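could you look at this predicted model? Sequence included:
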Amino acid sequence: MTQDMLFARCVALSNSPQLGERQLGWAGRWCLMGDFVVCTQCMAAQSIDKAQQRFPHVPDCVAIPSGVHPWYELQRLLSQLPPLPKEHLH
């Protein structure tokens, strides 16, 4: 599978009805490194305190059409986790 095909597969998974597949799609397009999210295609990075800004992809990045707010995509994914019973919190 070529890198372009792999990226296209991640984009497709990001639209899956299955939460786990959507997470795989996100993780194939983005990488968390400390308080930064990094585009897997152009390696541009954005800190969490700049989450409200459009992601600063390099100008010719193939990922531009498929994501400009990765922090909010991640927030949406995590908000769909099923609740943990209170007895398991600690």
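That came through fine.

where in this protein is pLDDT low?
Residues of the chain that meet the criterion pLDDT under 70 lie in 88-90.

quick test: name the residue nearest the centre of it.
Centroid-nearest residue in the chain: Trp26, 3.4 Å away (criterion: C-alpha atoms, centre = their mean).

pull out the buried residues from stretch 20-40.
Buried residues in stretch 20-40, counted by 16 or more other C-beta atoms under 10 Å: Arg22, Gln23, Leu24, Gly25, Trp26, Ala27, Gly28, Arg29, Trp30, Val37, Val38, Cys39. Just so you know, the C-beta spots here come from the backbone N, C-alpha and C atoms, and that holds for glycine as well.

could you check how far the closest residue to the third one other than its chain neighbours is from Trp26?
Right, Leu24. The shortest distance from Leu24 to any non-neighbouring residue, by C-beta to C-beta, 6 or more residues apart in numbering, is to Leu13 (5.2 Å). Going from Leu13 to Trp26 by C-beta to C-beta, to the nearest Å gives 8 Å.

check Ser47 too.
Distance, Ser47 to Trp26, by C-beta to C-beta: 18 Å.

over to Phe55?
For Phe55, the distance to Trp26 - C-beta to C-beta - is 13 Å.
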